[in-house]
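Asks: compute the structure for the input listed below.
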Amino acid sequence: MVSRIGTVSMGIRMPVIRQGDDLGKIVTDHLLAAVEEEGIALHDKDVVAVTESIVARAQGNYATTDQIAKAVRAKFPGGEAAVVFPILSRNRFSILLRGILKGLDKVYIVLSYPSDEVGNHLMDPDALLDAGINPYTTVMNLEEFRALFGTYRHPFTGVDYVEFYQGLGDNVELLFANDPTAALTVTPHCLVADIHSRRRTKRRLRDAGAATVVGIDEIMTEPVDGSGYNPDYGLLGSNLASDDRVKLFPRDCGTLVTDIQARIFERTGKKLEVMVYGDGAFKDPAGGIWELADPVVSPGFTSGLSGMPNEIKFKFVADTELKDLSGEEAGEAMREYIRNKEADLTGKDASLGTTPRHLTDLLGSLSDLTSGSGDKGTPVILIQNYFTNYATE
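Replies: A predicted model of the protein is given here:
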């Protein structure tokens, strides 16, 4: 009999996690208690997703602005740098900037316009069309920017990020440019702060002759005075924890997910897949903001979550190959079509419209939307039937 239920995503409530907690045990205990209470049967290939924030908290993976300052100064002993293309965020970047300003004597901030790389605007984008400038080549200081575009408050936060970043220290000077090499007009030393385009930005600066090119992914890659650290991403993926401390992106996630997988298998005999997730990789349709401010959606996952789906486009096949069938005849023909689909449908008509994405990006986005970012208290997500389809019995 074909199952009538497809993918189900549900939040699992957890206790408040603190540094030193055995997260593998806590996740396993509370997940299994929840499914027992609700009468939910676990199956092989079910997915358990754990939000990165509780992983980092259990690890105690934090750094203070003083520790960040020391790490930055070590990379820029001359005391001067241009911070190139930071995102506009109080939660994500302002606390890092406080640490950077503590560590350096002079900081130039190069802001891209009309928005940062994830879509946060620092000006009215329509005003750019009226300004009569080439955004690819025009470089402006603060006075020139204000003269052309005035003040602008972010529609969601109400913050004028130009004013906000300028006001964080008296050793700050702002530039507005979309060419990273504009930074070299004021200093040869660059701290690259963008996320997904950071490799390109670093390459362009090096090719243009920058004396120092360091990314924020290279800051806090090892402990500083007892701090946390992330050897892979440094300060990327960090969040505001308090007025003078950030929570870093978690490390050693591969060890955690295999531990949880083994614990669940030992107690249930079922081999679930496990992943750690951060920001979902979706774009807000109202604000136009790409929500992915982490360097990756998933910093650690079990082997069964590698790769991308291999699916046919159900409605395309229904409207073409099976257009003359209806009712149960059409249903059975569709199931047979799915059972016999090719092992790799890349570029085939039957997969037209099934945009290829990594499984962890899809599952991480689903998990992030399910858990939310507020007070639901469900930092663990159980996803069932994701790897089933219309032909699954």
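Asks: can you pull the poorly scored residue ranges out of this protein?
Replies: Per-residue confidence for the chain (pLDDT under 70) gives these ranges: 1, 345, 347-354.
Asks: quick one, domains of it?
Replies: 8-59+257-308+377-384, 62-247 (automatic domain parsing).
Asks: chain center to the shortest one, what's the gap?
Replies: Pointing back at domain 8-59+257-308+377-384 there. From the chain centre to the centre of domain 8-59+257-308+377-384 is a distance of 15 Å (C-alpha atoms, centre = their mean, to the nearest Å).
Asks: mind checking the end-to-end distance for that domain?
Replies: Between the opening and closing residues of domain 8-59+257-308+377-384 lies a distance of 5 Å (C-alpha to C-alpha, to the nearest Å).
Asks: coming back round to it: including mean neighbour count, could the domains of the chain go into TSV?
Replies: C-betas here are computed from N, CA, C, even on glycine. Formatted as TSV, the entries for those read as follows, by neighbours: other C-beta atoms under 10 Å:
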stretch	mean neighbour count
domain 8-59+257-308+377-384	18
domain 62-247	19
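Asks: okay, those domains in JSON lines with distance to Leu369 next?
Replies: Shown next, in JSON lines, are those (distance: least, C-beta to C-beta, whole Å):
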{"stretch": "domain 8-59+257-308+377-384", "distance to Leu369": "6"}
{"stretch": "domain 62-247", "distance to Leu369": "17"}
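Asks: quick check: which of these is nearest to Tyr337?
Replies: In terms of C-beta to C-beta, the element of these nearest to Tyr337 is domain 8-59+257-308+377-384, at 20.0 Å.
Asks: contacting residues for Val8?
Replies: For Val8, the contact set (C-beta atoms under 8 Å, 6 or more residues apart in numbering) comprises 383-385.
Asks: repeat that for 10 Å
Replies: Counting by C-beta atoms under 10 Å, 6 or more residues apart in numbering, Val8 makes contact with 40, 46, 382-386.
Asks: nearest to Ser365, of the domains of the chain?
Replies: Proximity of the domains of the chain to Ser365 was assessed by C-beta to C-beta; the nearest stretch is domain 8-59+257-308+377-384, lying at 3.6 Å.
Asks: which parts of the protein are strands?
Replies: For the chain, applying DSSP state E gives strands covering 8-12, 47-51, 62-64, 80-84, 106-111, 140-141, 172-176, 189-192, 212-215, 239-242, 245-247, 273-277, 300-301, 380-384.
Asks: what lines up beside the longest one in the sheet?
Replies: The reference is to strand 106-111. In the sheet, strand 106-111 lines up against strand 80-84 (parallel), strand 172-176 (parallel) (DSSP bridges).
Asks: now tabulate those in a markdown table and tack on distance to Arg146.
Replies: Listed next are those as a markdown table, based on distance: least, C-beta to C-beta, whole Å:
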| stretch | distance to Arg146 |
| --- | --- |
| strand 80-84 | 20 |
| strand 172-176 | 10 |
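Asks: what's the closest of the ones you listed to Leu205?
Replies: Across these, Leu205 has its closest neighbour in strand 80-84 (7.3 Å, C-beta to C-beta).
Asks: okay, the closest one in PDB with CA atoms only?
Replies: Listed in PDB are the C-alpha atoms of strand 80-84, where the atom choice follows Å, rounded to 0.1, in the frame of the first residue of the first chain:
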ATOM      1  CA  GLU A  80      45.600  50.000  10.300                       C
ATOM      2  CA  ALA A  81      43.200  48.100   8.000                       C
ATOM      3  CA  ALA A  82      40.300  48.500   5.600                       C
ATOM      4  CA  VAL A  83      37.300  46.200   6.500                       C
ATOM      5  CA  VAL A  84      36.000  45.300   3.100                       C
END
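Asks: all further residue positions should be reported with the first residue as 481.
Replies: Right, with 481 as the first residue, what we last looked at is strand 560-564.
Asks: off-centre distance for that strand?
Replies: Between the centre of strand 560-564 and the centre of its host chain there is 24 Å, according to C-alpha atoms, centre = their mean.
Asks: same question, stretch 844-864
Replies: In terms of C-alpha atoms, centre = their mean, the centre of stretch 844-864 is found 14 Å from the chain centre.
Asks: give me the contacts around stretch 550-560.
Replies: Counting contacts by C-beta under 10 Å, 6+ apart, the residues outside stretch 550-560 that touch it are 543-544, 561, 563, 576, 579-588, 651, 666-671, 691-692, 694-696, 698-705, 707, 709, 714-715.
Asks: ends of that stretch, how far apart?
Replies: For stretch 550-560, the first and last residues are 14 Å from each other (C-alpha to C-alpha).
Asks: and that stretch, how far from the chain's centre?
Replies: 27 Å.
Asks: with stretch 642-660 instead?
Replies: In terms of C-alpha atoms, centre = their mean, the gap separating the centre of stretch 642-660 from the centre of its chain is 24 Å.
Asks: so how far does that stretch reach from one end to the other?
Replies: 18 Å.
Asks: again with stretch 557-572
Replies: Between the opening and closing residues of stretch 557-572 lies a distance of 25 Å (C-alpha to C-alpha).
Asks: and it, how far from the chain's centre?
Replies: Averaged over its C-alpha atoms, stretch 557-572 has a centre that lies 19 Å from its chain's centre (C-alpha atoms, centre = their mean).
Asks: and the helices in the stretch 681-830 of the chain?
Replies: In the stretch 681-830 of the chain, helices defined by DSSP state H, counting those that start in this stretch lie at 733-748, 794-799, 807-819, listed in chain order.
Asks: what is the first one packed up against?
Replies: Contact here means 3 or more C-beta pairs under 10 Å, 6 or more residues apart in numbering; DSSP states H and E; on that basis helix 733-748 packs against helix 503-518, strand 527-531, helix 532-539, strand 753-757, strand 780-781.
Asks: and the last one, by the same measure?
Replies: Using 3+ C-beta pairs under 10 Å, 6+ apart as the contact criterion, the neighbours of helix 807-819 among helices and strands are helix 794-799.
Asks: tell me the buried residues in the helix it packs on?
Replies: Residues of helix 794-799 classed as buried under the neighbour-count rule (16 or more other C-beta atoms under 10 Å) are 794, 797-798.
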